[in-house]
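A.B. asks: missing the sequence, but the structure's below:
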């Protein structure tokens, strides 16, 4: 596995070593030892999976302390543009974002620690997105930022995605008071 630090502190891209032969392929999609080498003590308590059609945008979601979540995300089938927005008030990159294309072809895995809002746009039909979480879902601590917020200025590469009513009603970044 190869680990690359992203321009925003804490975000990691993990590219697994894929072993291919005439039968198919094999790779490790999670290694506690690998992330511990990168100073990440993690305990995953919940796995989630979603199926989405092309053009579906989900996010920008997060859970506030003390129920904050770190997420290890990857695509099982299809492709997404995955986005993490820094919402840590003391961070020099507060309000900045990183995006990465994750796909079943490139097999990249994205580590998003607590203190980030997270979202993704599906780039192919029938995309299966999977993620491991470091904290259980807690409805009372969940919050979201508006996916097309002018201050965040995220380049999703699409004009009119398919977005839930809940995500379209999310808060603006300029009015947001972070708890991180």
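C.D. replies: Okay, I see it. Predicted model, so just to flag it, every value in this text is computed and none were measured. Numbers count the residues shown, from 1 in each chain.
A.B. asks: buried ones in stretch 172-180, by neighbour count?
C.D. replies: By neighbour count, with 16 or more other C-beta atoms under 10 Å as the criterion, the buried positions of stretch 172-180 are 173, 176, 178, 180. Placement of C-beta: from N, CA and C, glycine included.
A.B. asks: tell me the contacts of the last one?
C.D. replies: Shown in contact with residue 180 (C-beta atoms under 8 Å, 6 or more residues apart in numbering): 64, 65, 68, 87, 88, 89, 114, 115.
A.B. asks: what sits closest to the fifth one if chain neighbours are left out?
C.D. replies: Closest residue to residue 88 in three dimensions, ignoring its sequence neighbours and counting by C-beta to C-beta, 6 or more residues apart in numbering: residue 115, at 4.0 Å.
A.B. asks: what is the neighbour count of that neighbour?
C.D. replies: As a burial measure, the neighbour count of residue 115 was computed by other C-beta atoms under 10 Å and equals 24.
A.B. asks: try residue 18
C.D. replies: 11.
A.B. asks: by mean pLDDT, flag the weakest helix or strand of the chain.
C.D. replies: Among the helices and strands of the chain, helix 32-37 carries the lowest confidence by mean pLDDT, DSSP states H and E, at a mean of 75.
A.B. asks: give me the distance from the next helix or strand after that one to the chain's centre.
C.D. replies: Towards the C-terminus, the helix or strand next in line after helix 32-37, according to DSSP states H and E, is strand 46-52. Counting by C-alpha atoms, centre = their mean, to the nearest Å, strand 46-52 is centred 12 Å from the centre of its parent chain.
A.B. asks: what helices or strands is strand 46-52 leaning on?
C.D. replies: Contact partners of strand 46-52 among helices and strands, from 3 or more C-beta pairs under 8 Å, 6 or more residues apart in numbering; DSSP states H and E: strand 127-133.
A.B. asks: helices and strands around the strand it packs on, which ones?
C.D. replies: Contacts defined by 3+ C-beta pairs under 8 Å, 6+ apart place strand 127-133 against strand 46-52, strand 71-77, strand 79-86.
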